[in-house]
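Novice: 3D, please:
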Amino acid sequence: MNAIRKDASKRHAKILVVDDDPGLLRLLTIRLRSESYEVEPVASAAEALAAAVRFRPDLVITDLRMDKMDGMGLLKELQARWPSLKVIILTAHGTIPDAVRATQGGAFGFLTKPVEKQELLEHVKKALKISGLPAIDEGWRADIVTRSPVLEEKLAQAQMAAGSDARVLLTGEAGVGKKLLARAIHRASSRAQSAFHLVRITEHSEAELEATLFGAPNGEPGVLGRAHGGTVLLDEVADLPMPLQIRLVESLQESRTPAEADQAPARLMTSTRRDLTQLMTSGKFREDLYYRLNVVHIDLPPLARRREDIPLLVAHFLTEVANETGTRKIYAPEAVEVLATVDWPGNVRQLRSVVHQNVAMSPTEIISAEITQSAVDGAAHRLPSFDDARDEFTRNYLMQILQITGGNVSQAARLAKRNRTDFYKLLARHQLSSDEFKAR
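Specialist: This next block holds a predicted model:
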């Protein structure tokens, strides 16, 4: 039995409400929240599709008539992405025939405006009763802090992978949370009550790895042989020595003995920050092993692609420090801005380290921007402002166009579609001289 499966009634149903009428959207939200439903109100179909990835609703209630994409268009998109998701259509009296067609096209039902509260709640209860709430609660992913649609898509992949025993390959830069996600998949799977084994390949010699994975000379079995019913993660599998790659391929091909048939084999997951396809091309990673490991591939985004998560992560790490040390501190708003606009080559792991360092170094309860900046200088690169980035692009563009024309300002201005006067002003502003690009 899955350790994290619980009675579905222990969590509130999630309802996504879509309407471009602010008054009706607010009224529906109040009515549903008064019944203890968790509600996400949005004003357009585009917002609804984005919210559905993050919010993962159990039911959608949408207006039929909306600008750009209407309720029918939204229904089709939702059905394509989440076929089992129930949708209730809201319609005015004049569009009831359209609503009937929507129900024939897959909508659960429709409600006419103005919507009576009791009728609304009855439809909601019926829709939720038919669909049922997911058996798995949020416990499996409790350690993963995000509101990013990009990462939510990866988590949806992970949850699907947890429902099977397929091998999973996790890729992404150092510090993005590959090991964290592997543990989450294990917790969401039917193997949750069995052990999770982590093998860090880079921390062992070849002989140690051979004994750890396949067994010692004295007959003691390796982790792949003894982790029956559990999960094994080979971290940084790209660094597995070639002889052990061969042995791993052979072990994955071996048929099981009658004695082993009664025991569930270990589920194998692997992770790496390196490009395995490039390593295959150079002969450093076996192609047959790659295809055996890459049954389900989840590539985790770097922190730079989920910057909206930085304030959430900062708050999470501050709470983590407070729980560990009893010292609770907060960041000044300017300090949070520093963290949110920094490039993080070490990703979430580096951000966590900086937060811990800031708490330790701040003499006051409020962590200043100066202390924060000193911690990130040299370790992470601050993003340029919009104006700085634009100026850098403009200067590079001017240099390129002058190189093409050999410093001929008239030709360069024509290519740039600017008059000569404006072009000279641009050169002066960016401290460029056309003479530097003329042939000597």
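
Novice: lowest-pLDDT helix or strand in the chain?
Specialist: One helix or strand of the chain scores below all others by mean pLDDT, DSSP states H and E: helix 258-261, with a mean of 50.

Novice: and for the next helix or strand after that helix, what are the contacting residues?
Specialist: Remark: after helix 258-261, the chain's next helix or strand is strand 267-272, criterion DSSP states H and E. Strand 267-272 is contacted from outside by 165, 167-171, 178-179, 182, 185-186, 189, 191, 224, 230-239, 252, 293, using Cβ atoms under 8 Å, 6 or more residues apart in numbering. Just so you know, the C-beta spots here come from the backbone N, C-alpha and C atoms, and that holds for glycine as well.

Novice: Direction included, what does strand 267-272 pair against?
Specialist: According to DSSP bridges, strand 267-272 forms sheet pairs with strand 168-171 (parallel), strand 231-235 (parallel).

Novice: Dump it to PDB, restricted to CA.
Specialist: Only the C-alpha atoms of strand 267-272 are listed here, as PDB (Å, rounded to 0.1, in the frame of the first residue of the first chain):
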ATOM      1  CA  ARG A 267      13.300   0.300  -9.800                       C
ATOM      2  CA  LEU A 268      16.200   2.000 -11.400                       C
ATOM      3  CA  MET A 269      16.400   5.800 -11.800                       C
ATOM      4  CA  THR A 270      19.400   7.700 -13.000                       C
ATOM      5  CA  SER A 271      20.400  11.400 -13.100                       C
ATOM      6  CA  THR A 272      23.100  13.500 -14.700                       C
END
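
Novice: Please enumerate the helices of the stretch 301-440 of the chain.
Specialist: Counting by DSSP state H, counting those that start in this stretch, the stretch 301-440 of the chain has helices at residues 310-325, 333-340, 347-361, 369-376, 386-405, 409-416, 420-429.

Novice: Would you convert the strands paired with strand 267-272 into TSV that also reports distance to Ser353 and mean neighbour count?
Specialist: Listed next are these as TSV, based on distance: least, Cβ to Cβ, whole Å; neighbours: other Cβ atoms under 10 Å:
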stretch	distance to Ser353	mean neighbour count
strand 168-171	22	24
strand 231-235	19	23
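
Novice: Would you check how far apart Asp377 and Val354 are?
Specialist: Computed as Cβ to Cβ, to the nearest Å, the Asp377 to Val354 distance reads 11 Å.

Novice: so what sits against both of the two?
Specialist: With Cβ under 8 Å, 6+ apart, Asp377 and Val354 have no common neighbours.

Novice: Between these two, which has more neighbouring residues?
Specialist: Legend: neighbour count by other Cβ atoms under 10 Å for Asp377 and Val354, higher for Val354 (21 against 11).

Novice: Could you check how many residues crowd around Leu279?
Specialist: 16.

Novice: swap in Gly215?
Specialist: Gly215 has 16 nearby residues by other Cβ under 10 Å.

Novice: Equivalent analysis for Gly175, please.
Specialist: Per other Cβ under 10 Å, the neighbour tally for Gly175 reads 20.

Novice: part of a strand, is it?
Specialist: No. Read with DSSP: H, G, I helix; E, B strand; the rest coil, Gly175 is coil and lies in no strand.

Novice: Roughly how far does it sit from Thr146?
Specialist: 15 Å.

Novice: Spatially nearest residue to Leu426, not counting backbone neighbours?
Specialist: Leu398 (6.2 Å; Cβ to Cβ, 6 or more residues apart in numbering).

Novice: show me what contacts the one you found?
Specialist: Counting by Cβ under 8 Å, 6+ apart, Leu398 has contacts Ala412, Leu426, Leu427, His430, Leu432.

Novice: same check, this time on His12
Specialist: Residues in contact with His12 (Cβ under 8 Å, 6+ apart) are Ser36, Tyr37, Glu38.

Novice: on that earlier part again, would you single out the least confident of the helices of the stretch 301-440 of the chain?
Specialist: Of all these, mean pLDDT reaches its minimum on helix 386-405 (a mean of 78).

Novice: Measure how that helix sits relative to helix 409-416, angle-wise.
Specialist: 120 degrees (axes from the mean of the first three to the mean of the last three Cα atoms, to 10 degrees).

Novice: send the alpha carbons of helix 386-405 over as CSV?
Specialist: Extracted C-alpha coordinates of helix 386-405, given in CSV (Å, rounded to 0.1, in the frame of the first residue of the first chain):
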residue,chain,number,x,y,z
PHE,A,386,16.7,46.5,-19.2
ASP,A,387,18.4,49.7,-20.2
ASP,A,388,21.9,48.2,-19.8
ALA,A,389,20.9,45.2,-21.9
ARG,A,390,19.4,47.4,-24.6
ASP,A,391,22.5,49.6,-24.7
GLU,A,392,24.8,46.5,-25.0
PHE,A,393,22.7,45.1,-27.8
THR,A,394,22.7,48.5,-29.6
ARG,A,395,26.4,48.9,-29.3
ASN,A,396,27.0,45.3,-30.6
TYR,A,397,24.6,45.9,-33.5
LEU,A,398,26.3,49.2,-34.5
MET,A,399,29.7,47.5,-34.4
GLN,A,400,28.5,44.6,-36.6
ILE,A,401,26.9,46.9,-39.2
LEU,A,402,30.1,49.1,-39.3
GLN,A,403,32.2,46.0,-39.9
ILE,A,404,29.9,44.9,-42.7
THR,A,405,30.1,48.3,-44.4
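
Novice: Please renumber the chain so that the first residue is 182 from this point on.
Specialist: From this message on, residue numbering opens at 182, which makes the last subject helix 567-586.

Novice: could you check the angle helix 601-610 makes with it?
Specialist: 120 degrees.

Novice: re the thing from before, so which of the helices of the stretch 482-621 of the chain is nearest Gly464?
Specialist: helix 528-542 (29.6 Å; Cβ to Cβ).

Novice: which outside residues touch that closest one?
Specialist: By Cβ under 8 Å, 6+ apart, the surrounding residues in contact with helix 528-542 are 354-358, 483-484, 491, 494-495, 498-499, 501-502, 506, 508, 510, 512, 516, 520, 525, 527, 548, 552-553, 556-557, 560-561.

Novice: can you list the weak-confidence ranges in this structure?
Specialist: For the chain, the stretches flagged by pLDDT under 70 are 182-192, 274-277, 280, 283, 312-319, 436-444, 559-570, 620-621.
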